[in-house]
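Peer 1: predicted model and sequence follow; I will ask about them next.
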Amino acid sequence: MATTTTTTPDAGRTAGGEIYCLLVPLAEDRLLLPRSCVTEVLNYQAPTPMDGAPAWYLGTIAWGGRRVPLVAFEATLGRALPRTSGRTRIVVMQGLSGKGDGNFAVLTQGFPQLVRLSPDVIHADDSRSFNERMPVIGQVRMINEYPLIPDFERLEEMIEEETRV
């Protein structure tokens, strides 16, 4: 069953300055995403692979009458590809850069969890460093979680490099 999220300019912000976000489970980490960037959460479907693509670029999936790139975020960090299971989902994201077709998808290891964030709940965490080629802005601490903040622009550049004809 698919879940659709409708977005408006301030859809992710509450009157108290809180921001609605999604914690997206990966194999070893979680991604912290603004809710307004998530277009839809789908059940897993096997992607159509692309010859010669790097391990992180899983191929494309059918979505909205077109083909959308599917990425294994863990593999963009140099980790092994995650295994799929009955909990595996696909999160379709709205691209930020305007490059490509406007959407891409990320493989997840469960259903995203909605969270409300405020400045008193979230803090920068410099305990890990990330290579500038990795699509990660950084890591934050929020109570007992240490999610990654993805760099969508970098990820979209990586996808564009692989799909350039």
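Peer 2: Yes, it's here.

Peer 1: any stretches of the chain with poor pLDDT?
Peer 2: When residues are selected by pLDDT under 70, those of the chain lie in 1-16, 97-101, 164-165.

Peer 1: for the protein, just list every one of the helices.
Peer 2: Along the chain, the stretches classed as helices by DSSP state H are 73-76, 152-163.

Peer 1: winner for burial among the ones you listed?
Peer 2: Among these, ranked by average contacts under mean count of other Cβ atoms under 10 Å, first place goes to helix 73-76 (a mean of 21). To be clear about C-beta, it is placed using only N, CA and C from the backbone, and glycine gets the same treatment.

Peer 1: point to the residue nearest the middle of this protein.
Peer 2: Val106 (5.0 Å; Cα atoms, centre = their mean).

Peer 1: what residues are up against it?
Peer 2: Contacts for Val106 (Cβ atoms under 8 Å, 6 or more residues apart in numbering) come out as 24, 31, 70-73, 90-91, 93.

Peer 1: please look at Tyr146 and Gln139 and confirm they touch.
Peer 2: Yes. The pair Tyr146 / Gln139 is scored as a contact, 5.7 Å apart, by Cβ atoms under 8 Å.

Peer 1: neighbour-wise, which of the two wins?
Peer 2: Neighbour count, other Cβ atoms under 10 Å: between Tyr146 and Gln139, Gln139 has more, with 18 against 15.

Peer 1: how near is that one to Gly86?
Peer 2: Look at Gln139 and Gly86: by Cβ to Cβ, to the nearest Å, they are 29 Å apart.

Peer 1: how about Ile19?
Peer 2: Counting by Cβ to Cβ, the gap from Ile19 to Gly86 is 31 Å.

Peer 1: neighbour count for those two, which is higher?
Peer 2: Ile19 (18 against 6).

Peer 1: looking at the helices of the chain, which is closest to Pro54?
Peer 2: Proximity to Pro54, assessed across the helices of the chain by Cβ to Cβ, is greatest for helix 152-163 (6.8 Å).

Peer 1: quick one: the strands in this structure?
Peer 2: 3-4, 19-25, 30-34, 38-43, 57-63, 66-71, 89-94, 103-108, 113-117, 122-125, 136-142, 148-150 (DSSP state E).

Peer 1: tell me the contacts of Val115?
Peer 2: So Val115 contacts 20-23, 142 (Cβ under 8 Å, 6+ apart).
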